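Novice: Structure here, sequence nowhere to be found:
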C-alpha cells in the first residue's frame, strides 16, 4: 500500500496523521460503506481522499467520484489537488468541475443586471434564453447544443478538454469563451467521461438536480463514491433546501407590478399583504423582534380565501407564476432586471401549501427595518435533514468529513444513515504549546443573566483582552443583538469591522490583510465564523479569537417546534441534537479560525463560566486538556501576557 500511496500522493512529505486518513478513505471506498472522518484543519483531508480514491480505482474497487463542497473556494482546493495528482502520477484522467451557473455564465459576467439577479431568477432567465423565448436566444447555448446534442464545435472543444482537465472555474470560463460555448453545458457534457466530478451539495441532495443532470449524464446513483466536505453543515444545508421565507418588501413590489402591468390577480397579492401584516403585528406584540411565532399552515390560506372569496388558491398561484414569467420577459426587453415579484409571491405560497405539515414548522416574524419601520415576514422551516440526506444510503460509498465532526452518532441519526459505516477521529496536528485556551469565568451570557450590567462587564473585559493580544483579533457573539449591546460600551483605539447580515466575506479578508492590528466582530454560525479561510500564504491572519458566551440556538417557538420534532424522532437525544450539538459546532467553527498551520500561534478566550462546568465534558479531549479557567480576571490577563510576550 505504501508504494500505491506514493504513486498518487503529490507531495514530498506527509502531514501528521495524513496516512491514517488515506487508509481510512481507501477502506471506505473499497468496501462501499459510509465513513465519518473528523480531521482537523492541517491534516490535508482533500488530497488524502483523492489519493485514496485513485488507489481504489486502480484496484477496480471504486466507481465515479463526486466531491461536493459548499463554497467555490473549497471547490478550487480540490481542483488544484487534482491537478497535482495528475502531474505527479502521470495518470491520465478526466475531471468535471461544476460551479455556479450564474458565476460562470459569459452573459452574466458581461451584464450587471444578470449579476444582481437572485440565483432563482437567473436560473429562470437561463431556461428561457435556452428556449429562445428572450431576445434571439443565447448564442453560447446554441453554439453548444443543437437538437439536444453537442454541436461539432462543442465536440471538438470537449475532446481537448478531456485531455487538459481539470480546469479551475476561471480557466474553464476562458477556455469556453474562446470557443463561444456555454461553460455549464460543456461541464455537464464532460461528466460521462469523468472519473471525478466536483460540485456543490445539490448535485446529490437535490432530487430534481440528480434527475436533470446526473441521471441524464447516464450516471447511476449506486455507482457514485461521494465525499461531502465540511459535512458538519450538512444537516442545516439539507433542511435549508426545503425552507423559505417571504417579506412584505417583496409583496410591496408585487403590488406595484400588479398596478404597472394591470394584472388581474383577483386581489390575491393585496390579501396576502393584509394577512402577513396582521400576523407580523401579532408576532411583534406577543413576542420580541426577530423571534418566530408559530402559526397554523392553513391559517394564511383560509384568511386569504375569506378576503377574496376564492376557493382554489393553488390554481391561482400557478397562473400568477406564468404571468410572472411574462413580466420578466418584458422587463428584460426594457433593459431592466428580469425578475417578477408577483411570480415570487405565487411560488412561495404554492410551496407553502404543498410543504409537508409533519416535517415543517410555519411561522410569522417581525424585524426592525431602517428608519424604525417594521418588516414582517412569514416562512416555513424544514426540520428533518433525512428528507434530503437519506440519499446517502443509495450511493456506492460516502465519506462525510470535517474538522469539527465531533458527534458521529448525531449525523448518523439526523441524516437517516442506514448503511454500514466506519468512523475515524484524528487529533490536532498542531503543537499544543502554540495555542492558549482561556476561560473567563467571571462573566456569562446565560439567558437569565442577560442585562445591561453584565453586558457592560463583558465589554470592559473585552477591552482588556484586546489590548493584550497583539495583531488581529476576531470576536464572536451569540447574536447580532448582543454584538450591538456590547460593542457600544467598548472603547478601543484600533480599527474595528462589525459583521452585518449583508457583510461581504471578501471585504472582511481585505480588511484583515490591510491592517496589522484590528478587530472583526461576528456572530457564531454567521458568515465569518464558519468555513472562512482567514489565511495568507497558508498562515493564519489572526492571533486571537474571543468567543463571548455559548452560542446555543435562540429560544424561540420555532426552536421549540424543532425540539418537539426531535423528541418524537430521537427520544432522549432530542435536547442534545437540537441544542447542545449545534452550540458545540458553532463554538468549534469559531475557534477553528485561529490555528491554520504548524507555525501559527494564538490565543482563544471563551467568555462564559459555563465552559468550565458540565459543558466542558462535551468538548473534544485535546480541547479539554488545554482549557485554563479563571474566576479572577486579573490572573487570566497575567497568563495571557506571559503567552503573548512570545508572539
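Specialist: That came through, no problem. Bear in mind that the values here come from a model prediction, so they are computed numbers and not experimental data.

Novice: ok, which stretches of the stretch 201-350 of the chain are strands?
Specialist: Ranges of strands within the stretch 201-350 of the chain are 224-228, 244-247, 293-294, based on DSSP state E, counting those that start in this stretch.

Novice: Of those strands, give the one that comes closest to residue 335.
Specialist: Of all the strands of the stretch 201-350 of the chain, it is strand 244-247 that lies closest to residue 335, at 26.0 Å by CB to CB. Heads up, the C-betas are built off the backbone N, CA and C, glycines and all.

Novice: and the closest one, how far from the chain's centre?
Specialist: What separates the centre of strand 244-247 from the centre of its chain is 18 Å, taken as CA atoms, centre = their mean, to the nearest Å.

Novice: same question, stretch 232-243
Specialist: Relative to its chain's centre, stretch 232-243 lies at 8 Å (CA atoms, centre = their mean).

Novice: now for the strands of the stretch 201-350 of the chain, which one comes closest to residue 475?
Specialist: strand 244-247 (28.3 Å).

Novice: Reformat the strands of the stretch 201-350 of the chain into a markdown table and put distance to residue 218, mean neighbour count and mean pLDDT next to each item.
Specialist: A markdown table is the format used below for those (distance: least, CB to CB, whole Å; neighbours: other CB atoms under 10 Å; pLDDT from 0 to 100):
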| stretch | distance to residue 218 | mean neighbour count | mean pLDDT |
| --- | --- | --- | --- |
| strand 224-228 | 12 | 26 | 98 |
| strand 244-247 | 32 | 18 | 96 |
| strand 293-294 | 45 | 18 | 93 |
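
Novice: Make TSV from those and add distance to residue 56 to it.
Specialist: Shown next, in TSV, are these (distance: least, CB to CB, whole Å):
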stretch	distance to residue 56
strand 224-228	8
strand 244-247	40
strand 293-294	48
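
Novice: hey, where'd the helices end up in the stretch 451-600 of the chain?
Specialist: Ranges of helices within the stretch 451-600 of the chain are 452-467, 480-487, 505-513, 557-570, 574-575, 581-591, based on DSSP state H, counting those that start in this stretch.

Novice: Out of the strands of the stretch 201-350 of the chain, which is closest to residue 390?
Specialist: strand 224-228 (13.4 Å).

Novice: Can you tell me which of the helices of the stretch 451-600 of the chain is packed in deepest?
Specialist: Among the helices of the stretch 451-600 of the chain, ranked by average contacts under mean count of other CB atoms under 10 Å, first place goes to helix 581-591 (a mean of 23).

Novice: of the helices of the stretch 451-600 of the chain, which approaches residue 217 most closely?
Specialist: The nearest among these, by CB to CB, is helix 505-513 at 31.7 Å.

Novice: The closest one - contacts with which helices or strands?
Specialist: With contacts taken as 3 or more CB pairs under 8 Å, 6 or more residues apart in numbering; DSSP states H and E, helix 505-513 sits against strand 496-498, strand 518-523.

Novice: cutoff 10 Å now
Specialist: Counting contacts by 3 or more CB pairs under 10 Å, 6 or more residues apart in numbering; DSSP states H and E, helix 505-513 is packed against strand 472-477, strand 496-498, strand 518-523, strand 535-536.

Novice: how is this protein carved up into domains?
Specialist: Here the domain parsing of the chain from automatic domain parsing is 1-10+19-93+195-237+386-426, 96-113+134-194, 244-354, 432-644.

Novice: Residue 380: which of those domains is closest?
Specialist: Residue 380 lies closest to domain 244-354 among those, at 5.9 Å (CB to CB).

Novice: Can you check which of the helices and strands packed on helix 505-513 gets nearest to residue 597?
Specialist: strand 535-536 (7.6 Å).

Novice: distance of residue 513 from residue 599?
Specialist: 18 Å (CB to CB, to the nearest Å).

Novice: With distance to residue 626 as added columns, please give the helices and strands packed on helix 505-513 in a markdown table.
Specialist: Below are these laid out as a markdown table (distance: least, CB to CB, whole Å):
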| stretch | distance to residue 626 |
| --- | --- |
| strand 472-477 | 19 |
| strand 496-498 | 28 |
| strand 518-523 | 23 |
| strand 535-536 | 22 |
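
Novice: Including distance to residue 43, mean neighbour count and mean pLDDT, could those strands go into CSV?
Specialist: Below are the helices and strands packed on helix 505-513 laid out as CSV (distance: least, CB to CB, whole Å; neighbours: other CB under 10 Å; pLDDT from 0 to 100):
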stretch, distance to residue 43, mean neighbour count, mean pLDDT
strand 472-477, 22, 26, 94
strand 496-498, 30, 16, 90
strand 518-523, 25, 23, 92
strand 535-536, 15, 14, 84
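
Novice: out of these, which comes closest to residue 325?
Specialist: strand 518-523 (37.2 Å).

Novice: What pairs with the closest one, parallel or antiparallel?
Specialist: Strand 518-523 pairs in its sheet with strand 472-477 (parallel), strand 496-498 (parallel), by DSSP bridges.

Novice: Contacts only, for the most centrally placed residue in the chain.
Specialist: By CA atoms, centre = their mean, the mean C-alpha position of the chain lies nearest to residue 70, the distance being 5.4 Å. When contacts are counted by CB atoms under 10 Å, 6 or more residues apart in numbering, residue 70 touches 200-201, 228-231, 233-234, 237, 530-531.

Novice: burial count for the closest residue to residue 624 other than its chain neighbours?
Specialist: Nearest residue to residue 624 in three dimensions, chain neighbours excluded: residue 616, at 5.9 Å (CB to CB, 6 or more residues apart in numbering). Residue 616 has 15 neighbours, counted by other CB atoms under 10 Å.

Novice: hang on, isn't residue 616 packed against residue 626?
Specialist: No - the criterion here is CB atoms under 10 Å, and residue 616 misses it with residue 626 at 11.3 Å.

Novice: where does the residue nearest to the centre of the chain sit relative to residue 229, distance-wise?
Specialist: Distance from residue 70 to residue 229, by CB to CB: 7 Å.

Novice: And residue 401, by the same measure?
Specialist: 6 Å.

Novice: which residues are common contacts for those two?
Specialist: Common contacts of residue 401 and residue 229 (CB under 10 Å, 6+ apart): 45-46, 49.
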